[in-house]
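Student: Provided below for reference: sequence and predicted model.
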Amino acid sequence: MGSRLIGYGSYLPEKIMTNQDFEKIMDTTDEWIVQRTGMHNRHFAADNETVVDLAAAAAARALENAGLTIDDIDMVVCATTSSELDFPSVGVQVLGRLGASRSQPAFDVRGACTGYIYALHCARAFFAAGMHHRIMLIGAEKMTRFLDFNDRSTAVLFGDGAGALIFEHSSSGYSGIIDTVVMADGREFDMLHGTPDHKISMNGPETYKKAVTLMPEAASYIMEHAGITADNVDWIIPHQANLRIIQSGAQRLGFPLEKIVVTVDRHANTSGASGVLALSYALDNGIIKKGQLILYPAFGSGLTWGAALIRI
Ligand code: UT7
């Protein structure tokens, strides 16, 4: 049993923070940020805007896109690591915001930047088990909650935003979420983690080295598992952490750069929202078209990493 994508939507906060804005508040330059990361802009949520606000806005747009209401959804899985409240889950709060009245289940997945791949993995399993007909997958992050403007090595890297995808059960195994693989290595905790005072601790160069090997590894594994090669894939949407990581991964996999969806220049790293936002962006802009096969590798704190294959 498989699935098909029947709706998508995204939400980006109004405020755009440019590299030039950072030049005014810390010892950095547009040149350094562009050269090292490929980032130009990122969106920053307003102080009173919460992760739930972002998630609910993206979810509402996905429902509108699908021509559905929240009560047509059987389960909500939300990838997020930046909720202001420890409980309840952002997923449940989204149900409340959108006026759900069916008592359908909702929960969050805390997979950091790999969160949306973990969420896809869960959705695939529920479809395979035949347990839910329609699943809404949300990726939502307010990464600015964790930014320390005294730490230039991390402050410039992240942005806020949310994306939502709605999948429906299908008898075809060749559409929607076709395959997923997720992995974790807790021994590498020190490389990248949140701190008790809600900041980001990251060894950038070490994280970079892991990212350029583990994302292509996950991508190769899933292609091999599906019996396909890079030629069969129409688009690759890698986790949007750094343009150099994206380009290096594509080179390792033998993907031409024209097949890669890049949003890191405009959204920066939105962690668990990154791939969902990037897919919504690519669909909105007619970059990805119906029937195309997408390879979705991701990598993040944990360490966690993985990949998904999705046919639109
Ligand atoms: O999504 C989760 C996964 N996260 C990632 O994948 C991030 C992976 N890491 C990276 O993307 C890169 O390591 C960074 C973009 C974070 C850093 O780039 P880098 O080329 O690895 O730079 P670096 O950390 O080795 O720092 C080089 C220099 C240092 O100065 P010195 O010691 O050589 O004098 C830093 O202090 O760049 C300096 N630097 C900055 N300079 C201007 C660090 N941040 C900045 C900055 N502006 N914002």
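Tutor: Right, received. Where do you want to start? All values derive from a computational prediction rather than experimental measurement. Numbering: from 1, shown residues only.
Student: use CA for all of it now, contacts and neighbours both
Tutor: OK.
Student: Surely Arg134 and Asp71 touch.
Tutor: No - using Cα atoms under 8 Å, Arg134 is not in contact with Asp71, being 10.2 Å away.
Student: Give me the more crowded residue out of those two.
Tutor: More neighbours surround Arg134 than the other of Arg134 and Asp71, with 23 against 15 (other Cα atoms under 10 Å).
Student: which residues pair with the more buried one across the strands?
Tutor: Applying DSSP bridges to Arg134 gives these bridge partners: Glu168.
Student: same question, Leu5
Tutor: In beta-bridge terms (that is, DSSP bridges), Leu5 pairs with Phe167.
Student: Likewise for Lys142?
Tutor: Beta-bridge partners recorded for Lys142 (DSSP bridges): Asp160.
Student: what about it, distance to Pro196?
Tutor: Plainly put, Lys142 is 17 Å away from Pro196 if you go by Cα to Cα, to the nearest Å.
Student: between the two, who's got more neighbours?
Tutor: The neighbour comparison of Lys142 against Pro196 (other Cα under 10 Å) goes to Lys142, with 33 against 7.
Student: Could you pull up the residues touching that one?
Tutor: Contacts for Lys142 (Cα atoms under 8 Å, 6 or more residues apart in numbering) come out as Phe44, Ala45, Thr50, Val51, Ser82, Ser83, Gly159, Asp160, Gly161, Thr270.
Student: Out of these, the closest to the ligand would be?
Tutor: Taking Cα to the nearest ligand atom as the measure, the ligand lies nearest Thr270 of the contacts of Lys142, at 7.9 Å.
Student: sec struct for Ala100, please.
Tutor: Using DSSP: H, G, I helix; E, B strand; the rest coil, the structure places Ala100 in coil.
Student: how many other residues sit next to it?
Tutor: Neighbour count for Ala100, taken as other Cα under 10 Å: 17.
Student: list the contacts for it?
Tutor: Residues in contact with Ala100 (Cα under 8 Å, 6+ apart) are Ile70, Asp71.
Student: mind listing which of the contacts of Lys142 are in helices?
Tutor: For the contacts of Lys142, the ones inside helices are Val51, with DSSP state H as the criterion.
Student: For the residue lying closest to Met136 once chain neighbours are set aside, give me its contacts.
Tutor: The shortest distance from Met136 to any residue other than its chain neighbours is 4.4 Å, reached at Ile166 (Cα to Cα, 6 or more residues apart in numbering). Neighbouring residues of Ile166 by Cα under 8 Å, 6+ apart: Leu5, Ile6, Gly7, Tyr8, Ala62, Leu63, Ala66, Arg134, Ile135, Met136, Leu137.
Student: Same list, these, but as JSON lines with pLDDT please.
Tutor: Converted to JSON lines, the contacts of Ile166 look like this (pLDDT from 0 to 100):
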{"residue": "Leu5", "pLDDT": "97"}
{"residue": "Ile6", "pLDDT": "97"}
{"residue": "Gly7", "pLDDT": "98"}
{"residue": "Tyr8", "pLDDT": "98"}
{"residue": "Ala62", "pLDDT": "98"}
{"residue": "Leu63", "pLDDT": "98"}
{"residue": "Ala66", "pLDDT": "98"}
{"residue": "Arg134", "pLDDT": "98"}
{"residue": "Ile135", "pLDDT": "98"}
{"residue": "Met136", "pLDDT": "98"}
{"residue": "Leu137", "pLDDT": "98"}
